[in-house]
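In: Turn this into a structure:
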Amino acid sequence: MSDDVKRIREHFADSARLKVEAADVLAPDIARAARLLIECLLADGKILACGNGGSAADAQHFAAELVGRFERERPELPAIALTTDTSLLTAVANDYSFEAVFAKQVRGLGAKGDVLLAISTSGNSGNVIAAIEAAHAREMRVVALTGKGGGRIGELLAPEDVHLCVPHSRTARIQEVHLLMIHCLCDAIDATLLGDE
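Out: This next block holds a predicted model:
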């Protein structure tokens, strides 16, 4: 077996092992997060999602699954990725600071009863922290996806929020579990709204 193939196989094995181990730790809180999102949607609320880099892609992926569809046809659901409007992002970053790019959108778009899906592999992203603070000021609840012990985000969350902290320190592995959790949330939403298949 070549070194390249061995290394690739190790990535697959590490990812699979973490997912199996994390399932026992995270499943109850993923279910709790799903209920929070479902309650929001059933009350005509919306979900705002944010993150940086790969976590920005995850925020956009989540919003696409809700507004478009996950695995089954259903009415569109209100979800907005706060990572996509380049004019808004560059204006706020230029005129204020990059730390404000999500918080200003939460204050402008968020309302009591909405939910913020806040994604940060380190738990220390300044602009995600600012978004959580803005969400709390708007009486929104937060579902936070983190890793590496949860960082400052873990300390900032309120009891009514849900913290999904991947028990790992490697960014790639954390992001892989974040995507799986997002799919679990989407599936739970569909199962509740459409019935189990």
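
In: per-residue pLDDT, E197?
Out: Note for E197: predicted pLDDT of 67.

In: residue ranges of the helices in the protein, please?
Out: 3-42, 54-67, 86-95, 103-109, 126-137, 151-156, 171-194 (DSSP state H).

In: Export the ones you listed to a markdown table and append columns for distance to E73, mean pLDDT and mean neighbour count.
Out: From N, CA and C alone the C-beta is placed, and that goes for glycine too. What follows is the helices of the chain, written out as a markdown table (distance: least, Cβ to Cβ, whole Å; pLDDT from 0 to 100; neighbours: other Cβ atoms under 10 Å):
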| stretch | distance to E73 | mean pLDDT | mean neighbour count |
| --- | --- | --- | --- |
| helix 3-42 | 17 | 97 | 14 |
| helix 54-67 | 13 | 98 | 20 |
| helix 86-95 | 31 | 98 | 12 |
| helix 103-109 | 27 | 98 | 19 |
| helix 126-137 | 31 | 98 | 22 |
| helix 151-156 | 35 | 98 | 17 |
| helix 171-194 | 9 | 97 | 19 |
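
In: Kindly present those helices as CSV, with separate columns for distance to S120.
Out: Shown next, in CSV, are the helices of the chain (distance: least, Cβ to Cβ, whole Å):
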stretch, distance to S120
helix 3-42, 15
helix 54-67, 6
helix 86-95, 17
helix 103-109, 14
helix 126-137, 5
helix 151-156, 6
helix 171-194, 10
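
In: measure Q105 to A131 for me?
Out: 8 Å (Cβ to Cβ, to the nearest Å).

In: V101 now?
Out: 9 Å.

In: ok now do the residue lying closest to V162 once chain neighbours are set aside, which residues does it touch?
Out: For V162, ignoring the flanking residues on the chain, the nearest one in space by Cβ to Cβ, 6 or more residues apart in numbering is A33 at 4.1 Å. A33 is in contact with V143, V162, L164, L185, counting by Cβ atoms under 8 Å, 6 or more residues apart in numbering.
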